[in-house]
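Engineer: Okay, predicted coordinates and the sequence, questions at the end:
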Amino acid sequence: MSERTIIGGGGGFWGDQTMAPLKLLESADLDYLTMDYLSEVTMSIMHKQLNRNSEAGWATDLKDWLKVGGIGLLRSKNVKLVTNAGGVNPHSCASMVLAAASDIGWNDCKVALVIGDDLGEKLSEIAASGAQFTHMYDPSLGSLLDHSSSVVSANAYLGAGAIGRSLERGADIVITGRVADASLIVGCMLHSNGWAKRAEESNLPLCGPIANWGDGNLKESLDIIAGWTVAGHLIECGAQVSGGNSTDWDDIGPLTDVGYPIAEIFPDGRCIITKPNKSQGAVTSRIVAEQLLYEIGDPCAYITPDCIVDFSCVLLEEIDKDRVLVNGAKGIEQTETLKLSASHKDGWMVVSELVAPGPNARKRAENTDFILRSRLKHLKGIEIHSEYLGDEALIPPALRSNTLNPSEIVIRWVATSMDKSELMEFSRAIAPLVLTGPAGICGYSARSRPREILRFFPILLDRNLVESQVHIKMMHSWRHDLELRMPWSSDLLFIPLENMAHSEKNMRRSRFAERILRRLDKAKEFDTIYE
Amino acid sequence: MNNISIKLGDLVHGRSGDKGDNINIALICHKREWLPLLESVITPELLAKWFKGWSEGPFEVFPVHGVGAVNCLIHNVLQGGGTVSKRIDAQGKSLGQIILNANININPSLAKKVGFDPSLL
């Protein structure tokens, strides 16, 4: 087989095992490590964090593993890191990465920021150009602009193009905001297969269409992008393709040290999904098939910013233990729209639980629920949802047996209201049920605190409106180092050295300046390329 | 011949997840050649029956011939989506396993034709 690119998938979301990417770096020889930290809800949560703290709003788990050896491994093993950890504050994320690089003396580390997905500030400007912002699944839900005062975040899903170009411009690490999960992997392939180089040399638009960057005809290029996208889709949820969350969980041995996935991807679009030797879990056709169809709609039209993929004819073949060959994806040209993932505030929510035990546990649970609701009858804006965990709560109503009769049930309430104070009153009404309800009710913890509801609002937007905003910003650890340690250095750089030697203080400064200029000389080549 | 009742899990393995207010449940045949049998059972009408009370649809079933599966797409089932759903499984992640316990009726002659032998269960 022809030359392949080895790409690791070190995590499935912000909240996955923090140190998994470190283990993957240690136990495999990767060309690229990709880390998908974002989900539909993550962007809104990050925006809330950013509002509280101007340095927050990115996936801080990245820092945790980079600082305990990750950054050193990337450097020593010459692995490029591509991640959407930047969230809604890629600048702060990159500053951390550069500081981590400086800490280990990696002074020529180059970090690229892919910017332009965050349209939160530009909504009215874009609306002025005639864009609609209608809910993409349910037009009856109206336009995001109907909620403009409560919009928390609005980020477009970007594709692979700018990632490929960042790598081509020499980035060791690429930090992005809302790039589509699979596009992280496609971006690496654009670089390793020379597509990004061709685009750079011909000065093609930054974001694509990337199908125009291939060396074959358009149809071949689209099928290749489709294959790379399938590879990306398979490894972007971390261990879900290597044994986690598998129907076969009980047959594949322990999952304690489950290996995170590796895609060996070919220039022609095929790939082999595998995992590090000696790791636990499994990569089988059954497991890969489950992940292939994970979170998709029409399998003939899986839409990413890069292309539309037809999964229906993808074939899986176990070619060795824990090695599955994936082949046969078909590509269709990219859509004219991009998905915008927005969210707006929509009231408050609080969750509380108690446990009902013993004979007739269900009856006790329902009676407890009845008492609670009766006591809160005067709250006019509250909606209370009750579930009986352990008594078929997860099963759709029509499929329940209604004959379990368990001897313990978790009563779970979720209350919502536009008025936070109603939910505070709801929370205060839970504990008393232990003393004033049916016998044996237990499991009370502290009063739950209401959290703000963020309603997800997906929109389709003209691709050109988004892609015209996208740009790459290159940052270098040497410069970051200077600005961090010597805030005055940027002024100093513009003062001729001979003018500085007037005082002892300035003499000291001038020695600094000489050192700085020596480093600048070294760094000059970057400047000519990037500035 | 009368239809035979089996568990859906005898025929398939599964995985589910969310997309906005929709969930998808992938049902993958233990043997690829059983797909026609699966397709004969899993219909939008059956999904409507199963999910009554949780969703009024639409319900869609897409065949995936390459891996011998159907992808079930259930719309408007998460009370507005993963961030606002009040159910414990706000993202529908359990349903791909829950549903394996459902009883389905299969046509014995079609079962025989595709090589599915219920007596081996």
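Structural biologist: Received the coordinates, thanks.

Engineer: and the stretch 301-450 of chain A, which residues reach chain B?
Structural biologist: Counting by Cβ under 8 Å from any Cβ of the partner chain, the stretch 301-450 of chain A comes close to chain B at A:311-316, A:328, A:343, A:346, A:349, A:385, A:387, A:389, A:393-399, A:412, A:414, A:416. The C-beta positions use only the backbone N, C-alpha and C, and glycine is treated the same way.

Engineer: Which element, helix or strand, includes A:Leu50?
Structural biologist: helix A:42-52 (DSSP states H and E).

Engineer: what about residue 109, how many residues close to it?
Structural biologist: Picked chain A for this. Residues within reach of A:Cys109, counting by other Cβ atoms under 10 Å in any protein chain shown, total 24.

Engineer: The intended chain is chain B.
Structural biologist: 8.

Engineer: Mind checking the pLDDT average for whichever strand or helix holds it?
Structural biologist: Secondary structure assigned from DSSP H and E places B:Ser109 in helix B:108-114. For helix B:108-114, mean pLDDT rounds to 96.

Engineer: any low-confidence regions in chain A?
Structural biologist: By pLDDT under 70, the weakly predicted segments of chain A are A:1-2, A:478-531.

Engineer: before we move on, back to that, other SSEs contacting the helix holding B:Ser109?
Structural biologist: helix B:35-41 (3 or more Cβ pairs under 8 Å, 6 or more residues apart in numbering or on different chains; DSSP states H and E).

Engineer: which residues sit against the helix it packs on?
Structural biologist: B:8, B:11-12, B:27, B:29, B:61, B:63, B:65, B:68-70, B:104-107, B:110-111, B:113-114, B:116 (Cβ atoms under 8 Å, 6 or more residues apart in numbering or on different chains).

Engineer: Residue of chain B nearest chain A, please.
Structural biologist: B:Ala26 (3.3 Å; Cβ to the nearest Cβ).

Engineer: Export stretch A:197-211 to CSV, keeping only CA atoms.
Structural biologist: Provided in CSV are the C-alpha atoms of stretch A:197-211 (Å, rounded to 0.1, in the frame of the first residue of the first chain):
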residue,chain,number,x,y,z
LYS,A,197,1.0,23.2,-0.7
ARG,A,198,-0.6,23.3,-4.1
ALA,A,199,-3.2,25.7,-2.7
GLU,A,200,-0.5,28.0,-1.1
GLU,A,201,1.5,28.0,-4.3
SER,A,202,-1.5,28.9,-6.4
ASN,A,203,-2.8,31.3,-3.8
LEU,A,204,-6.2,29.6,-3.8
PRO,A,205,-8.8,30.8,-1.3
LEU,A,206,-7.9,29.9,2.3
CYS,A,207,-11.0,27.8,3.0
GLY,A,208,-11.4,26.0,-0.3
PRO,A,209,-13.3,24.4,-1.9
ILE,A,210,-10.6,21.9,-1.0
ALA,A,211,-11.8,19.6,-3.8
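
Engineer: Buried residues in it, which are they?
Structural biologist: Of all the residues in stretch A:197-211, those buried under the rule 16 or more other Cβ atoms under 10 Å in any protein chain shown are A:Lys197, A:Arg198, A:Ala199, A:Leu204, A:Leu206, A:Cys207, A:Gly208, A:Pro209, A:Ile210, A:Ala211.

Engineer: check whether the host helix or strand of A:Asp223 contacts chain B.
Structural biologist: Per DSSP H and E, A:Asp223 falls inside helix A:218-235. No. Between helix A:218-235 and chain B, judged by Cβ under 8 Å from any Cβ, nothing touches; the nearest distance is 10.8 Å.

Engineer: And the next helix or strand past that helix?
Structural biologist: strand A:262-265.

Engineer: could you say what helices and strands that next one packs with?
Structural biologist: Checked by 3+ Cβ pairs under 8 Å, 6+ apart, strand A:262-265 has strand A:5-9, helix A:181-192, helix A:218-235, strand A:271-274 packed alongside it.
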